[in-house]
Every structure is written in structure tokens, then in C-alpha cells.
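# predicted model and sequence below, questions to follow.
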Amino acid sequence: MTPFRKGTLYLLIASVLFGFNGFFSKYSYSYGMNPIMLVAVRSAFGVLLLLLVLLFKREKIVPALRRGQWVTVIIVSLLYAATQTLFLASFVYMDSGLCVSVQFCFPALILIMGALFFHDRVVPSDVFCFFLCFAGIVLLILPGHVSLTGILLAFLSGLCFAWYSLVLEKCRVFSYIGKLSLSLVINAITLIVILPVAAATGNLTLSLPCQAYLYGFILALNSSVVAAILYQTAVSLINAKYASLLITVELVVAIAVGIVAFHETVLPLTITGSVCILLSAVFLVLFKENFHFTKHHLRH
């Protein structure tokens, strides 16, 4: 299997898993959890699970890095923490499918920022897939009532995720850090950062029902461990720009979960938008296979 096909498979699996974030988050909120506390619980369980896996596999827990490399890892961790906090907070204000759809401004942001700051090459197939994906997102947003607060939170989450993806791709340090070790460090730094924020904002609430922590544990296993590692691996196999388009399958999964679990509204525009996003991912794969896509070398 070629690196591109392997990366595509990993991204599709990650997309399905990420699509259940809204499901576990909303059920956790129904038992008294708040978004900042959910990020803390998710990160804590993520650290525990990853530590157990690393100990079982007898792999290095903390990577040996220079000071400058640690700065890069900390920056990525802060971007990850901001992405998750803003995204999970947006579920409080809007339907899960709409939250995911707004956050998916990040493929456009990656395309723009990659061209502006890293001089990435943009080819016609990229532009076509981007506009098809963008059209699908617009069709999803058009119907229904929209919360400006929810839109802002989801957009800022998408912006942070765009930078997170680009830094993962462009910095060579991430090409030789073990994915499990990297995920452990990211979750640990997220936990260290988010706990003081929760305390300062009055969101540090520990006396919660077991169900709230159960959904937080499942969210950590599903997203912070399995899906996050698959996404990091896929970005190293292909690149952030193409990964951001392929993972839009998450949006369709999130809408389907919202419809089934929370009886969110289904409109013709929602179906049309979902089809456009799916086609953008399919066409992207076909274009790259036809043109013998080869991943460019990672830069510093």
C-alpha cells in the first residue's frame, strides 16, 4: 500500500471517530460537565491510557528533545488545547452538525496559510476540491437559526486546528517522535494548561456523576488517543492540506449522529452539502492517484 493510500485510510477511520465527538460531549454536558472541564477530563484520561500503552509496549515515554524542539512541541500542544476547548464549547450553542460544519473552515485556512507563509504550491485540482468542499459547508450553514457565539467559537477552533496541522507537517521534529509519545506529551501539556484556566474561570467542578466521567473517558479513548494518533500519522504520510480535505468525512458522520441521537433537523440543503463534501474527498483521492501523487519532503 502506498503512503498516500495508507494515509487516506487512516484519515477516513479518524474522520468517523472524530464524528462522534458531539455525541459524547453532549451526553457529558447533560450530566453537569462543562466544556473546559471536559477538556481537562479528556486530557487526563488520554494521558493515563497512553501511558499504559507505552509501558506495555516498552517504548520511550518522554522524547529526548532539544530546548528549541520542546518549544515547538509546546506550541503544538497549546494549539491542540485551544482547538479542543473552543470546539467543545461550541456544542453548547449549536447543533453538533452545524458546529462541525463551521469548524471545517480549516481546509481553506490551511490552503491560504500554506501558500502565504510556507509557499506551498496550489494546483487546479486543489482549488476545485476546496471550492466543492466550501460549497458543501455553505449549504449546511444556510438553513436554520445560527448562534453568532457558536459560529465564532467553531471558527476560532478551525483556525487553531489549521495552525496545528501545518506545524505538524512542516516541522521535521514530528517526523521522528513516536506518535504515542507525542500524543502523551500533547495531552499532558493540555491538562497542565487547562486546569488553571478551569480554576480561574470557576469551571473546575469535580463533584460530577459517574456518567459524566464515563463519557469523558470514552471521548478520550475515541478522540484523544485513537483518532488523534491516526490523524498525526496520516499528516506525516501525506500533508496537512490534503489531510484537511479528506477528514471532512467527519462532518457527514457528525450530521448523521446528530440526526439519529439528537433528532437534529434534516433538510435538502443538508443532504446536498454532505454530498458535496464527500465528493470533494473522493475527487481529491482520485486526482492524486491519477497524477502519481508523491509527498514532498517535510521542511524545518
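Cool, the structure landed. Numbers count the residues shown, from 1 in each chain.

# low pLDDT regions in this protein?
Applying pLDDT under 70 to the chain picks out residues 143-146, 285, 288-300.

# what residues does stretch 171-191 touch?
Stretch 171-191 has contacts (CB atoms under 8 Å, 6 or more residues apart in numbering) with 39-40, 43-44, 46-47, 50-51, 53-54, 57, 59-63, 65, 69, 72-74, 76-78, 80-81, 84, 167-168, 224-225, 228-229, 232-233, 236, 298-300. The way it works is simple: take the backbone N, C-alpha and C, and place the C-beta from them, glycine included.

# can you say which of these are buried?
Taking 16 or more other CB atoms under 10 Å as the criterion, what is buried in the contacts of stretch 171-191 is 39-40, 43-44, 46-47, 50, 54, 63, 69, 72-73, 76-78, 80-81, 84, 167-168, 224-225, 228-229, 232, 236, 298.

# quick check on residue 265: phi, psi?
The phi/psi pair for residue 265 (degrees, to the nearest 10) reads phi -60, psi 140.

# quick check: it vs residue 20, distance?
Residue 265 sits 20 Å away from residue 20 when distances are taken as CB to CB, to the nearest Å.

# and what of residue 206?
25 Å.

# give me the more crowded residue out of those two.
residue 20 (20 against 8; other CB atoms under 10 Å).

# what's the distance between residue 278 and residue 95?
Taking CB to CB, one finds residue 278 at 19 Å from residue 95.

# of the two, which one has the most company?
residue 95 (23 against 17).

# please name the nearest non-neighbouring residue to that one.
residue 264 (4.7 Å; CB to CB, 6 or more residues apart in numbering).

# tell me the secondary structure for that neighbour?
Three-state call for residue 264 (DSSP: H, G, I helix; E, B strand; the rest coil): coil.

# for it, grab phi and psi.
When read as degrees, to the nearest 10, the backbone of residue 264 gives phi -70, psi 150.

# could you do residue 105 as well?
The phi/psi pair for residue 105 (degrees, to the nearest 10) is phi -70, psi -10.

# roughly how far does the spatially closest residue to it that is not a sequence neighbour sit from residue 167?
Counting by CB to CB, 6+ apart, residue 158 is the residue found nearest to residue 105 once chain neighbours are left out, at 4.4 Å. Applying CB to CB, the value for residue 158 to residue 167 is 15 Å.
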